[in-house]
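K.L.:
Have a look; sequence and predicted model below, questions after that.
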Amino acid sequence: MAVVRARREEAQNEFEAGLRLPSRRIRGGDGIALTRASSIVFRAPQENFTIEDFEQERILGVGSFSKVVRVKKKDTGDVYALKVMDKDFITKQDKVQHVKRERIVLDQLNHPGIVQLLFTFQDANSLYMALESCEGGELFDQIARKGHFSEDEARFYMAEIIDAMEYLHGLGLIHQDIKPENLLLTADGHIKIADFGCVKLTESSQIMLPPPAANPHETSSLIEGTAAYVPPEALNTSPATIGNDFWALGCTLYQMLAGTSPFKDSSDWLTFERIRTRKVVFPGYFSDEAIDLIDKLLDTDPGRRLGAGPGGYPALKMHPFFKGIAWNKLRDVSAPTPKLILEPYPSQVFDGQKLTMPSNIALASTVHHAPQLASMDSFDSRWQELLEPGECIVLASKLKKLRLLTSKKVQLILTDRPRLFYVDPSKLIENMKILWSSNNPNDISIHVLNSSHFKVCTSMKTSSFEDKAQKAWQWKKAVESVVVHQ
Ligand SMILES: Nc1ncnc2c1ncn2[C@@H]1O[C@H](COP(=O)(O)OP(=O)(O)OP(=O)(O)O)[C@@H](O)[C@H]1O
């Protein structure tokens with residue numbers, strides 16, 4: 001306990017000392033912040049706001065260390081995506097440096113294809129980063145909703161991603177987590193790269209970071225990024241290069257066109273096996289140009305990978321897949337229209353009909369934007385005996401819980417307490433396993449792999465589920481709807 005308290009204080013001091021805005025601001029010619037003595041001078045100021053200064057509207061997304069809420073500043077009416085990070089949670093997870101790195105790096109970036117940091121503030125419990133709000137949501141959601149993109153749509157998004165990546169690589173920054181979840185869309189459908197918590201600087205980088213963490217507790221995972229998008233050399237613990245981002249870009253193009261990522265499998269271990277053997281199956285409708293581009297981005301030799309190899313960005317941009325792209329006018333072209341976040345997911349249609357709420361299952365009054373989430377399984381009276389007095393089911397369904405080599409059938413139940421637990425449908429209460437409860441309200445994120453597979457991640461464990469009824473998205477939305485109001 002004393003150790004945790006000491007580390008929390010240490011982290012608190014670091015936030016306050018390392019991130020304090022000095023009295024005089026200095027700005028570099030092209031918007032790059034300059035150092036003065038040993039402190040960092042921020043372009044996006046640290047304000048003295050409190051969370052009470054904002055109306056909290058709806059959750060935009062949940063990450064491993066944060067939840068991102070659409071907020072409106074009460075006095076100005078300005079809208080932001082507010083990234084809220086719990087200090088205790090970050091400290092316990094040894095992610096203080098990760099958060100600082102993202103804050104400091106984002107502050108120095110200035111490009112239409114990169115999400116902009118506008119200001120930060122903090123209170124006793126949380127750190128807040130106000131970002132420009134990307135109202136079109138994640139590219140991932142758009143792929144899931146459309147099934148897959150046409151090549152014209154994919155070409156448009158690829159060109160904008162490449163343009164932003166060229167800016168990042170030009171500053172000596174490797175993103176290390178390029179994937180459709182971290183590619184956000186503006187309301188008019190243009191791409192912005194987000195989530196700079198995994199960035200790495202190259203030796204020639206112009207970006208300034210304070211000296212590496214003096215926190216001996218900070219752990220760095222062996223492989224940065226997300227399993228399905230890491231290149232084969234990362235599995236041999238080779239140091240990251242800009243080649244990591246080009247490999248991830250190849251995976252992203254494949255996913256835009258096929259609807260699923262090329263190497264994703266039911267466990268990280270199987271995914272890594274597929275990456276190692278570079279097993280890629282191209283659907284028959286892919287054009288020759290698309291196949292060739294993906295093939296060259298997924299070159300197992302990072303030194304020959306298109307974009308990272310000797311021809312660099314010019315060679316990538318000249319690939320026949322990009323024929324007709326006006327690289328210097330990308331943002332002048334109108335984008336494919338994104339489907340907005342509040343439109344219902346197709347998976348909310350059950351057996352071909354929209355779900356309606358029977359009166360005996362009251363939805364949690366706190367669930368504002370998921371009024372159609374309760375599934376038919378929720379109405380089974382057996383689940384009622386598992387509830388505490390006054391507790392309501394938000395979503396419940398029969399799923400497979402996946403283990404490395406086996407799986408078992410479980411009933412997964414989300415309630416408005418909130419609690420998320422599963423039971424063996426034949427044994428009920430004596431077999432109840434709580435995955436998450438209101439004791440740790442922010443400690444959950446749902447990662448949807450495809451419409452039938454998702455992972456429940458908490459600081460204690462990650463559990464994988466398969467839903468034959470393809471309600472993975474419904475689960476993510478339901479959990480996020482309950483989390484936002486904690
Ligand atoms: N500026 C934004 N506008 C709209 N939505 C956003 C914005 N920033 C983040 N989000 C949403 O919130 C989610 C989580 O944000 P982010 O990835 O930055 O969090 P994190 O805790 O760093 O996550 P990760 O687990 O990927 O490290 C994103 O995937 C996205 O859906």
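P.N.:
Arrived safely, thanks for sending. Every value quoted in this text rests on a predicted model; they were computed, and no experiment measured them.

K.L.:
can you count the residues close to the residue of the stretch 301-450 of the chain found nearest the ligand?
P.N.:
Nearest residue of the stretch 301-450 of the chain to the ligand, counting by Cβ to the nearest ligand atom: Ser445, 6.4 Å away. Quick note: C-beta positions are derived from backbone N, CA and C, even for glycine. Neighbours of Ser445 under the rule other Cβ atoms under 10 Å: 22.

K.L.:
Which pLDDT value does the model give the closest residue to it other than its chain neighbours?
P.N.:
Nearest non-adjacent residue to Ser445, counting by Cβ to Cβ, 6 or more residues apart in numbering: Val62, 4.5 Å away. Per-residue pLDDT puts Val62 at 75.

K.L.:
and if you look at Leu34?
P.N.:
Looking at Leu34, its pLDDT is 37.

K.L.:
and what of His217?
P.N.:
His217 carries a pLDDT value of 39.

K.L.:
Over to Met85?
P.N.:
On pLDDT, Met85 comes in at 90.

K.L.:
From what I see, it and His98 are in contact.
P.N.:
No. The pair Met85 / His98 is not scored as a contact, 9.9 Å apart, by Cβ atoms under 8 Å.

K.L.:
and for these two, which residues touch both?
P.N.:
Applying Cβ atoms under 8 Å, 6 or more residues apart in numbering, one finds that Met85 and His98 are jointly contacted by Phe65.

K.L.:
wait, the residue nearest to Ser445 sits on His447?
P.N.:
No. Counting by Cβ under 8 Å, Val62 stays clear of His447, with 9.4 Å between them.

K.L.:
Name the residue in the two with the higher neighbour count.
P.N.:
Legend: neighbour count by other Cβ under 10 Å for Val62 and His447, higher for Val62 (21 against 18).

K.L.:
ok, and what's touching the helix or strand where Lys72 lies?
P.N.:
Assessed by DSSP states H and E, Lys72 sits inside strand 67-73. Contact with strand 67-73 is made by 53-62, 78-84, 130-131, 133, 442, 480, 483-484, as judged by Cβ under 8 Å, 6+ apart.

K.L.:
Send me the longest helix along the chain as PDB with only the CA atoms.
P.N.:
In the chain, with assignment by DSSP state H, the single longest helix is helix 151-170. Taking Å, rounded to 0.1, in the frame of the first residue of the first chain, the C-alpha atoms of helix 151-170 are listed here in PDB:
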ATOM      1  CA  GLU A 151     -11.000   0.500 -53.900                       C
ATOM      2  CA  ASP A 152     -11.800   4.200 -54.600                       C
ATOM      3  CA  GLU A 153     -12.700   4.800 -51.000                       C
ATOM      4  CA  ALA A 154      -9.600   2.900 -49.700                       C
ATOM      5  CA  ARG A 155      -7.400   4.800 -52.100                       C
ATOM      6  CA  PHE A 156      -8.700   8.100 -50.700                       C
ATOM      7  CA  TYR A 157      -8.100   7.100 -47.100                       C
ATOM      8  CA  MET A 158      -4.700   5.500 -47.900                       C
ATOM      9  CA  ALA A 159      -3.500   8.700 -49.600                       C
ATOM     10  CA  GLU A 160      -4.500  10.800 -46.500                       C
ATOM     11  CA  ILE A 161      -2.900   8.400 -44.100                       C
ATOM     12  CA  ILE A 162       0.300   8.300 -46.200                       C
ATOM     13  CA  ASP A 163       0.400  12.100 -46.300                       C
ATOM     14  CA  ALA A 164       0.200  12.300 -42.400                       C
ATOM     15  CA  MET A 165       2.700   9.500 -42.000                       C
ATOM     16  CA  GLU A 166       5.200  11.300 -44.300                       C
ATOM     17  CA  TYR A 167       4.900  14.300 -42.000                       C
ATOM     18  CA  LEU A 168       5.500  12.100 -38.900                       C
ATOM     19  CA  HIS A 169       8.400  10.200 -40.400                       C
ATOM     20  CA  GLY A 170       9.900  13.500 -41.600                       C
END
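
K.L.:
Going by neighbour count, which residues of it are buried?
P.N.:
Buried residues in helix 151-170, defined by neighbour count with 16 or more other Cβ atoms under 10 Å: 151, 153-169.

K.L.:
ok, which of those also contact the ligand?
P.N.:
Checking those against the ligand by Cβ under 6 Å from any ligand atom, not one of them is in range.

K.L.:
and this protein, which residues reach the ligand?
P.N.:
Proximity of the chain to the ligand (Cβ under 6 Å from any ligand atom) is limited to residues 60-61, 63-66, 68, 81, 83, 115, 131-134, 138, 181-182, 184, 194-195, 197.

K.L.:
Weed out the non-buried ones from the residues you listed.
P.N.:
For the residues of the chain next to the ligand, a burial check counting by 16+ other Cβ under 10 Å picks out 60-61, 63, 65-66, 68, 81, 83, 115, 131-134, 138, 181-182, 184, 194-195, 197.

K.L.:
Could you tell me which of the residues you listed belong to strands?
P.N.:
The members of those that map onto strands under DSSP state E are Leu60, Gly61, Val68, Ala81, Lys83, Leu131, Glu138, Leu184.

K.L.:
For Leu131, see how far away the last one is.
P.N.:
Just to be clear, that refers to Leu184. Distance from Leu184 to Leu131, counting by Cβ to Cβ, to the nearest Å: 9 Å.

K.L.:
Give the residues shared as contacts by these two.
P.N.:
Jointly contacting Leu184 and Leu131 under the rule Cβ under 8 Å, 6+ apart are Val115, Ala194.

K.L.:
Which of the helices or strands spans Phe454?
P.N.:
Using DSSP H and E, Phe454 sits in strand 453-457.

K.L.:
Return the residues in contact with the closest residue to the ligand within the stretch 151-300 of the chain.
P.N.:
Closest approach of the stretch 151-300 of the chain to the ligand (Cβ to the nearest ligand atom) occurs at Asp195, with a separation of 3.7 Å. Applying Cβ under 8 Å, 6+ apart, we find Asp195 in contact with Gly63, Glu102, Asp177, Glu181, Asn182.

K.L.:
what about 10 Å?
P.N.:
61, 63-64, 66, 68, 83, 102, 106, 115, 175-179, 181-184 (Cβ atoms under 10 Å, 6 or more residues apart in numbering).

K.L.:
which stretches of the protein form helices?
P.N.:
Under DSSP H, the chain gives helices at 2-18, 87-92, 96-107, 139-146, 151-170, 232-235, 242-258, 268-277, 288-297, 312-317, 381-384, 472-483.

K.L.:
just those: most buried one?
P.N.:
Mean neighbour count (mean count of other Cβ atoms under 10 Å) peaks for helix 242-258 among the helices of the chain, with a mean of 25.

K.L.:
Just the mean pLDDT for that helix, thanks.
P.N.:
97.

K.L.:
Next: stretch 443-462.
P.N.:
Per-residue scores along stretch 443-462 average to 85.

K.L.:
And the lowest mean pLDDT element among the helices and strands of the chain?
P.N.:
strand 349-350 (a mean of 26; mean pLDDT, DSSP states H and E).

K.L.:
Could you tell me which residues make contact with Phe282?
P.N.:
Counted by Cβ under 10 Å, 6+ apart, Phe282 has contacts Tyr254, Leu257, Ala258, Pro262, Ala290, Ile291, Ile294, Asp295.

K.L.:
how does it look with 7 Å?
P.N.:
By Cβ atoms under 7 Å, 6 or more residues apart in numbering, the contact set of Phe282 is Ile291.

K.L.:
who's in contact with Asp177?
P.N.:
Contacts for Asp177 (Cβ under 7 Å, 6+ apart) come out as Asp195, Cys198, Gly225, Thr226.

K.L.:
What's the ChimeraX syntax to select whichever of the residues you listed are buried?
P.N.:
To isolate the buried ones among these in ChimeraX, judged by 16+ other Cβ under 10 Å, type:
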select :195,198,225,226
